[in-house]
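K.L.:
kindly return the folded structure for what I paste below:
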Amino acid sequence: MGGGVTTGSVIAITGAGSGMGAAAVALGLEAGHRVLALDRDEAALNALAGGSNVAGSLARRRCDITSADEVADASAWAEESLGRVDGLLNFAGVSDFAPMVDTTDEMWARQLGVNLSGTFHACRAFGRGMVARGRGAIVNVASTAGQFGVPGMAAYTAAKHGVVGLTRALAVEWGPAGVRVNCLCPGATMSPMFLTTTPEYREARVRRIPLGRFGEPSDQASVALFLVSDHAAYVTGAIIPVDGGVAAMAPGTSESALGR
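P.N.:
Next up, the predicted model:
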């Protein structure tokens with residue numbers, strides 16, 4: 001009960017074409033897993049390469065996680081072609097910056113559609129086989145915005161709070177079936193999404209991080225792979241910030257207190 005992936009397991013990764021998802025693909029292959037890379041950007045999927053340390057194998061499939069039908073088709077294909085899916089890493093996500101009063105219906109729908117509904121679609125489709133087999137592990141990816149309020153990102157913050165709630169609900173519901181579900185909450189990470197921010201914003205942001213640097217995609221991917229592995233066999237329902245220590249700070253902690 002409560003198992004995860006071991007060498008040779010099949011791991012499905014959404015948002016695999018870039019950033020944290022692509023890092024997870026590379027690390028999963030290096031660890032000897034069979035990896036199913038899912039992304040709506042087919043060109044990005046085709047550009048994925050395992051590098052010189054590849055021990056596992058890579059399958060690619062275009063999939064828009066906002067479409068329940070596409071996700072269900074991807075899951076069915078994996079069950080037939082790969083035999084099973086042992087682990088799922090939900091890295092697909094988008095973000096928009098806008099004051100609440102300027103947040104359009106389209107922006108709201110996009111944030112919830114990708115970040116929350118997309119995660120739901122993937123959990124439902126791939127989790128069904130795990131529950132039936134009595135073994136599996138899922139890592140959903142929220143954000144530190146899934147734990148706190150973030151000004152100018154109401155839709156994103158609402159969606160990521162939803163991912164946290166979904167994770168806890170599934171951990172309780174699927175735990176008796178031997179399926180673990182945890183949630184990664186990345187802080188500021190040097191992903192394509194974060195690099196759309198201004199240099200001024202990034203300069204101010206890094207000064208508030210106790211470790212004094214932004215995260216790398218591999219920082220997030222390595223924790224996700226740990227959580228989905230048997231090394232975390234007794235971990236489920238956990239909401240884990242990977243943010244350089246930001247969540248640990250007392251409110252109002254000054255930059256001078258950090259020596260900056």
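K.L.:
ok but Gly175 is inside a strand, no?
P.N.:
No - counting by DSSP: H, G, I helix; E, B strand; the rest coil, Gly175 is not part of a strand but helix.
K.L.:
what's the nearest residue to it if we skip its chain neighbours?
P.N.:
Distance criterion C-beta to C-beta, 6 or more residues apart in numbering; nearest residue to Gly175, sequence neighbours excluded, is Thr236 at 5.7 Å. Backbone N, C-alpha and C define where each C-beta goes, glycine included.
K.L.:
for that neighbour, give me its contacts.
P.N.:
Gly2, Ala171, Gly175, Arg180, Val181, Asn182 (C-beta atoms under 8 Å, 6 or more residues apart in numbering).
K.L.:
buried only: go through the residues you listed for me.
P.N.:
Among the contacts of Thr236, the ones that count as buried by 16 or more other C-beta atoms under 10 Å are Gly2, Ala171, Arg180, Val181, Asn182.
K.L.:
would you turn these into a markdown table with secondary structure?
P.N.:
Output for the buried ones among the contacts of Thr236, formatted as a markdown table (three-state DSSP):
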| residue | secondary structure |
| --- | --- |
| Gly2 | coil |
| Ala171 | helix |
| Arg180 | strand |
| Val181 | strand |
| Asn182 | strand |
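K.L.:
lowest pLDDT pick from those residues?
P.N.:
Among the buried ones among the contacts of Thr236, Gly2 carries the lowest pLDDT, at 58.
K.L.:
what's the average pLDDT for stretch 119-136?
P.N.:
Averaging pLDDT along stretch 119-136 gives 98.
K.L.:
list the buried ones in it?
P.N.:
Within stretch 119-136, the residues scored as buried using 16+ other C-beta under 10 Å are 119-123, 125-127, 129-131, 135-136.
K.L.:
next, count neighbours for Ala76.
P.N.:
Using other C-beta atoms under 10 Å, Ala76 has 12 neighbouring residues.
K.L.:
coming back round to it: and the contacts of Thr236 as CSV, adding distance to Leu112?
P.N.:
Converted to CSV, the contacts of Thr236 look like this (distance: C-beta to C-beta, whole Å):
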residue, distance to Leu112
Gly2, 30
Ala171, 21
Gly175, 26
Arg180, 25
Val181, 20
Asn182, 22
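K.L.:
before I go, just wanted to say thanks for your time.
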